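**Q** build the 3D model from these lines:
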Amino acid sequence: QVQLVESGGGLVQAGGSLRLSCAVSGGIFRRFTVGWFRQAPGLEREFVAAISWSVGSPLYADSVKGRFALSRDNAKNTVYLQMNSLKPEDTAVYYCAAVQFVLRTDTQYDYWGQGTQVTVSS
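**A** Residues are numbered from 1 along each chain as shown. Below you'll find the predicted structure:
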């Protein structure tokens, strides 16, 4: 059974940084595309970034491009989302998700974590 566990959320002032981690267990990590999504109260879950199972550059939503950076450590079965220059509008619950062998930006991922809260104060 594939499980994803997010960590690293918290409260930060605008302009600050956080690093989220997504630890994946129960599957063959190198086969997974891992994506990050976020959901603010009253809004739909939206794509943030994704990194594929193969060699290639991550994809980013326009709203985070240049501020967020996604990386993966296949030895640790973990994906990291470095978030810099945070804004109040980045406040949301952040979820990581995994799917095998496809790189996608919609929510059609097979496995999801429970989410971690990120709050950016102004």
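**Q** now the residue positioned nearest the centre of the chain, what are its backbone angles?
**A** Centroid-nearest residue in the chain, with C-alpha atoms, centre = their mean: Trp36, separated by 2.6 Å. When read as degrees, to the nearest 10, the backbone of Trp36 gives phi -120, psi 140.
**Q** now it. Nearest residue, chain neighbours left out?
**A** Nearest residue to Trp36, sequence neighbours excluded (C-beta to C-beta, 6 or more residues apart in numbering): Val48, at 4.3 Å. Where C-beta positions appear, they are placed from N, C-alpha and C, glycine not excepted.
**Q** can you confirm the one you found is in a strand?
**A** Yes - under DSSP: H, G, I helix; E, B strand; the rest coil, Val48 sits within a strand.
**Q** what is the end-to-end distance of stretch 106-122?
**A** End-to-end distance for stretch 106-122: 30 Å, by C-alpha to C-alpha, to the nearest Å.
**Q** before we move on, what about stretch 24-37?
**A** End-to-end span of stretch 24-37 (C-alpha to C-alpha): 16 Å.
**Q** stretch 65-74 too?
**A** For stretch 65-74, the end-to-end distance is 23 Å (C-alpha to C-alpha).
**Q** now it: buried residues?
**A** For stretch 65-74, a neighbour-count test (16 or more other C-beta atoms under 10 Å) marks Phe68, Leu70, Arg72 as buried.
**Q** need the contact list for the first one.
**A** It stands for Phe68. Applying C-beta atoms under 8 Å, 6 or more residues apart in numbering, we find Phe68 in contact with Val48, Ala49, Tyr60, Leu81, Gln82, Met83, Asn84.
**Q** my read is that the second one contacts Thr33, right?
**A** Read it as Ala49. No - applying C-beta atoms under 8 Å, one finds Ala49 not in contact with Thr33, separated by 11.0 Å.
**Q** so how many other residues sit close to Ser121?
**A** Neighbour count of Ser121, defined by other C-beta atoms under 10 Å: 11.
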